[in-house]
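Asks: Let's see this in three dimensions:
(one chain, ligands or ions: 1)
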Amino acid sequence: MPKLILVFLGPPGVGKGTQAAKLAAEFKLPHISTGDIFRDHLKRETELGRKAKEFMNAGKLVPDELTVSLVIDRISRTDCEKGYILDGFPRNVKQGEALDKALAQRGEQVTAALNFDAPRQTVIDRIAGRALKEGRVDDTPETVKKRLEVYDAETGPLTPFYREKGVLHEFDATGTIDQIYGQLKDRVLSL
Ligand code: AMP
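Replies: I've put the predicted structure just below:
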């Protein structure tokens, strides 16, 4: 199997974080979720957390200047030598290009972009369920609407971006966690 540099794509609430965590555990790869990293900074009230907070609470993207270097630093750590999973990054084409550039400097490229999709009402219902369980501050109806708009305008264009590179794999995320995971795992094993 090649060094796996995997990018997880899909709207908020589609379940990509759950799938990324399962795959990371089974394949022993670091699971790098920019949303989790930012939430951790928020909780610890770091300088980065303070800066990211207003954007996250409004459902907007944290500026690329704060996000890209964070990820590039993270993937440079030794635990990423055998591969890693990026969950929630890149979130726009600029971030995708920045990642490509950083990887090209090491003679690497994204192995696969795994795109999860489900009908809009399904993702809205899943976010509502998560809001009850986890109480994420950005899972309020107003913020969710904004996050979906941001997804359509900024993250959606990453699908053709990776399709053109021939690394896009698409998954129907309407099934159960285990059904979707089965398909994901088969696909990753065939890379
Ligand atoms: P997530 O947990 O991936 O849904 O991310 C929660 C929030 O963190 C997003 O709504 C953004 O405000 C911020 N965020 C996470 N990843 C990124 C990223 N790659 N670029 C910019 N903002 C991000």
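Asks: SS state for the residue lying closest to residue 170 once chain neighbours are set aside?
Replies: Leaving out its chain neighbours, the residue that sits closest to residue 170 by Cβ to Cβ, 6 or more residues apart in numbering is residue 115, at 4.9 Å. Yep, even glycine has a C-beta here, placed from its N, CA and C like the rest. With DSSP: H, G, I helix; E, B strand; the rest coil as the basis, residue 115 sits in strand.
Asks: How many residues are close by residue 115?
Replies: Residue 115 has 21 neighbours, counted by other Cβ atoms under 10 Å.
Asks: The ligand versus that one, what's the distance?
Replies: 15 Å (Cβ to the nearest ligand atom, to the nearest Å).
Asks: List the beta-bridge partners for that residue.
Replies: residue 9, residue 170 (DSSP bridges).
Asks: Which residue does the protein have closest to the ligand?
Replies: Taking Cβ to the nearest ligand atom as the measure, the chain has residue 35 as its residue closest to the ligand, at 2.0 Å.
Asks: how about the residues of the chain near the ligand?
Replies: By the rule Cβ under 6 Å from any ligand atom, the part of the chain lying against the ligand is 12, 34-35, 38, 55-56, 59-62, 67, 88-89, 91, 95, 138, 147.
Asks: residues making contact with stretch 184-191?
Replies: Residues outside stretch 184-191 that contact it (Cβ atoms under 8 Å, 6 or more residues apart in numbering): 1-2, 4, 6, 19, 23, 26-27, 111-112, 114, 169, 171.
Asks: Which residue, other than its chain neighbours, is closest to the residue of the chain closest to the ligand?
Replies: residue 88 (4.7 Å).
Asks: Quick check: the one you found vs residue 179, distance?
Replies: In this view, residue 88 and residue 179 are 23 Å apart by Cβ to Cβ, to the nearest Å.
Asks: Show me which of those two is the more surrounded one.
Replies: For residue 88 and residue 179, the more surrounded residue by other Cβ under 10 Å is residue 88, and the numbers stand at 23 against 12.
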